[in-house]
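K.L.:
Model the structure of this input:
(4 chains)
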There are 2 protein chains.
Amino acid sequence: MPDSLRRFKADIFQALGHPTRIAIIELLQNGELSAGELMAKLGMEQANVSQHLAVLRGKLILVNRKAGNQVFYSVRDPIIVEVLALMRKYFQKQLKEAQGLLSEMDKTPVTTGQ
Amino acid sequence: MPDSLRRFKADIFQALGHPTRIAIIELLQNGELSAGELMAKLGMEQANVSQHLAVLRGKLILVNRKAGNQVFYSVRDPIIVEVLALMRKYFQKQLKEAQGLLSEMDKTPVTTGQ
DNA sequence: CAATCATATTCGCAACTTCGAATATTCAAC
DNA sequence: GTTGAATATTCGAAGTTGCGAATATGATTG
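P.N.:
So this is what the prediction gives:
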């Protein structure tokens, strides 16, 4: 596994490693939105949203299309959306395991040491 | 999409967002290894490897098993390995697109303006 | 060409990350 | 119990990230 590939993956993951940027990609899942629409839906500062968009653009995760006054963003490759979907599956599985653990503890209570 | 789920995803992505940690997960893809074996294969400082292991452990991406003197690490859930595999597919696709773009430029050279 | 709207960039600060050096912990063997 | 091996934690310096305030750019409208 060449190191360049690992750096590439790490860069993409790092770009995905912020809740606002996850939210942006989820909002763009079903088609493009303008920067302003994203800002409104996220309910965040204009500059802040623009900075997060710049990060995702910089890693080529998003592409943009200028139309007059506005800039429309979309996800460049649906594989990224797949990655997020896999992550949701992971989350649900972990949750289920945690619940299984809890009900296991119900059945065989542990002494508290007090 | 609840915010807690987005924070969870972002946390996992952030944990994956470092080349050394990608390398660790790739090394553990086919089964457990001790911290020492990982250190040797990575060729990095002991403390550094241990810190990266701590990050992955903290997010429950890795689990460990102590056997005498040593600690063996493994990937908790194969979905994480799937995520990395998807990422490789993504990388290859991006590469192919970039190459396509290049050969397109070969066919219809662009004036340099000089 | 002024005024305005949509978006991007810059700046400074606080918070976080990464690293190696040093130190601590834990187990095993003698 | 002392030594040594394997691993973890703490510390401080250097670098990076995230944020809002302020400012810049660029297209549109009068």
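
K.L.:
A:Leu84 contacts A:Ile25, correct?
P.N.:
Yes - using C-beta atoms under 8 Å, A:Leu84 is in contact with A:Ile25, at 6.3 Å. Any C-beta I mention is one placed from the backbone N, CA and C, and that applies to glycine too.

K.L.:
Need the residues touching each of these two.
P.N.:
A:Leu16 (C-beta atoms under 8 Å, 6 or more residues apart in numbering or on different chains).

K.L.:
The nearest residue to A:Lys89 once chain neighbours are set aside is in what secondary structure piece?
P.N.:
Leaving out its chain neighbours, the residue that sits closest to A:Lys89 by C-beta to C-beta, 6 or more residues apart in numbering or on different chains is B:Ile79, at 6.3 Å. Using DSSP states H and E, B:Ile79 maps to helix B:78-107.

K.L.:
Same check on A:Val71?
P.N.:
Per DSSP H and E: strand A:70-75 holds A:Val71.

K.L.:
Flag the shaky bits of chain A, pLDDT-wise.
P.N.:
For chain A, the stretches flagged by pLDDT under 70 are A:1, A:101, A:104-114.

K.L.:
how about the residues of it that lie near DNA strand D?
P.N.:
Within chain A, the positions lying close to DNA strand D (C-beta under 7 Å from any atom of the strand) are A:14, A:17-18, A:20, A:44-45, A:47-48, A:51-52, A:55, A:66, A:68-69.

K.L.:
close enough to count as contact, the residue nearest to A:Lys89 and A:Gln92?
P.N.:
No - between B:Ile79 and A:Gln92 there is no contact under C-beta under 8 Å: 10.1 Å.

K.L.:
Comparing these two, which residue is more hemmed in?
P.N.:
B:Ile79 (15 against 11; other C-beta atoms under 10 Å in any protein chain shown).

K.L.:
which ones are touching the more buried one?
P.N.:
Applying C-beta under 8 Å, 6+ apart, the residues near B:Ile79 are A:86, A:89-90, A:93.
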